[in-house]
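Asks: Fold the following.
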Amino acid sequence: MKSWIAFWNILKKDIEKYYLKPPNISWGIIFPLSWTLMQLIRSPGKNVLELLPGLIAMSVLFGTTSMLAVTITFERSGRSFERLLLAPISLSTMVLAKIAGTIVFGMFNAFVPVLFASFFINLSGVKWGVLILAVLLIAITSSLMGLLIAVSAEQVFEAQTFSNFFRFPMLFLCGLFIPISSLPVFLRPISYCLPLTYGTDILRGAIIEANTLSPALCFALLLAFSAILFLICRYNINRKWIL
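Replies: Okay, the predicted model is just below:
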C-alpha cells in the first residue's frame with residue numbers, strides 16, 4: 001500500500017510542478033501540434049489518412065521525451081531527486097511513477113492528430129483497439145528512452161538537445177513519413193534497431209492496412225524493448241546517482 005501512495009504522490013507532484021514548464025510546452029505540445037496542422041492542411045483527402053500514423057507516433061515521441069527531460073533535470077538541479085532516491089521506496093516504483101505521467105500525456109498527445117484528422121476524413125475503418133495498444137507501447141518505449149537521455153543530462157537545455165539528437169533522425173528512419181524501403185540500404189539496419197519503427201508499422205496496419213511486418217512480431221518486439229530499456233534505466237540510475 002505504501003508503494004502505491006508513494007507512486008501517486010510522485011506522479012501528482014510531477015504533473016503539478018513540471019508539466020507546464022516552457023520547454024514542455026514548446027517541444028512537447030506546440031511543435032507536434034504545429035507540425036500536425038501543417039501536414040493536415042497541405043495534404044487533403046486520402047493523403048491525410050496516410051500521414052496519420054506518422055503524426056500520431058511523432059506526437060507521442062515528442063510529448064513523452066520532452067516531459068521526462070524537463071521533469072528529471074529540474075529535479076536534479078533543485079536537489080529534490082536525491083530526496084526521492086533516499087525515500088523508503090523501491091527504485092522500480094520511483095521509475096514507474098516518473099514515466100507513468102508521461103505515458104498518459106503521450107497517449108493524450110497521440111489523439112490530437114486523430115481529432116484534427118476527423119474533420120478532414122472518415123475514420124470509421126480504423127482498428128481502434130490495435131491503435132490504442134500500439135500508442136500505449138510507443139508511449140512506454142518513448143518514455144523510457146526519454147528517461148535514459150535525462151539521466152545523462154545536467155540541465156534542461158542539455159536534455160532537450162540530446163533528445164533532439166535522437167528524435168529528429170527518428171522522424172526519417174522509423175517510417176513515419178518516409179517508407180523504410182525508400183531509405184538507403186545502409187540505413188535500414190538502424191531503422192530496425194529503433195522501437196518506434198515497429199510501433200509505426202502497427203499504426204499503419206490499424207489505420208491504412210499497410211503493415212510491412214507481422215503485428216504479433218511488432219508487439220512482441222515493443223514489449224522486449226520496453227523491458228530492456230527499463231532495466232537499462234534502472235542500471236544507469238544506480239550507477240550514476242546511487243553507487
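Asks: got a list of what Ile56 touches?
Replies: Ala110, Phe111, Pro113, Val114, Leu131, Val135, Leu203 (CB atoms under 8 Å, 6 or more residues apart in numbering). Quick note: C-beta positions are derived from backbone N, CA and C, even for glycine.
Asks: gap between it and Gly146?
Replies: For Ile56, the distance to Gly146 equals 17 Å [CB to CB, to the nearest Å].
Asks: Likewise for Leu194?
Replies: 14 Å.
Asks: Among the two, which residue is more densely surrounded?
Replies: Counted by other CB atoms under 10 Å, Leu194 and Gly146 do not tie: Gly146 has more neighbours, with 33 against 19.
Asks: Contact partners for the more buried one?
Replies: Thr64, Thr65, Ser66, Met67, Leu68, Ala69, Thr102, Ser163.
Asks: and if you look at Ile138?
Replies: Ala57, Val60, Leu61, Gly106, Ala110, Pro195, Leu196, Gly199, Thr200, Leu203, Leu222.
Asks: what's the burial count for Leu33?
Replies: With other CB under 10 Å as criterion, Leu33 counts 17.
Asks: try the one 4 residues further on
Replies: If you count neighbours by other CB under 10 Å, Leu37 ends up with 14.
Asks: Provide a list of residues in contact with it.
Replies: Phe116.
Asks: Report the distance from the longest helix belonging to the chain to the chain centre.
Replies: Across the chain, the longest stretch assigned as helix under DSSP state H is helix 46-77. The chain centroid and the centroid of helix 46-77 are separated by 5 Å under CA atoms, centre = their mean, to the nearest Å.
Asks: Could you do stretch 191-211 as well?
Replies: The answer for stretch 191-211 is 14 Å, by CA atoms, centre = their mean.
Asks: And for Met67, nearest residue in space, chain neighbours not counted?
Replies: Nearest non-adjacent residue to Met67, counting by CB to CB, 6 or more residues apart in numbering: Thr102, 4.2 Å away.
Asks: Can you show me the helices along the chain?
Replies: 2-18, 22-23, 31-42, 46-77, 80-86, 91-117, 128-151, 156-173, 188-191, 195-208, 215-237.
Asks: need the ones you listed in TSV with distance to Ile180, can you?
Replies: TSV is the format used below for those (distance: least, CB to CB, whole Å):
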stretch	distance to Ile180
helix 2-18	35
helix 22-23	31
helix 31-42	19
helix 46-77	12
helix 80-86	38
helix 91-117	21
helix 128-151	16
helix 156-173	8
helix 188-191	5
helix 195-208	7
helix 215-237	13
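Asks: I'd like the ones you listed as TSV, with mean pLDDT appended.
Replies: Formatted as TSV, the helices of the chain follow (pLDDT from 0 to 100):
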stretch	mean pLDDT
helix 2-18	69
helix 22-23	60
helix 31-42	74
helix 46-77	79
helix 80-86	62
helix 91-117	82
helix 128-151	89
helix 156-173	78
helix 188-191	91
helix 195-208	92
helix 215-237	90
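Asks: any idea which of the contacts of Ile138 has the most stuff around it?
Replies: Highest neighbour count within the contacts of Ile138, by other CB under 10 Å: Val60, with 34 neighbours.
Asks: residues contacting that residue?
Replies: Counted by CB under 8 Å, 6+ apart, Val60 has contacts Gly106, Met107, Asn109, Ala110, Val135, Ile138, Ala139, Ser142.
Asks: if I look at it, how far off is Leu136?
Replies: Taken as CB to CB, the span from Val60 to Leu136 is 9 Å.
Asks: ok, back up a step: what sits against the residue nearest to Met67?
Replies: Taking CB under 8 Å, 6+ apart, one finds Gly63, Thr64, Met67, Leu68, Thr71, Ala139, Ser143, Gly146 in contact with Thr102.
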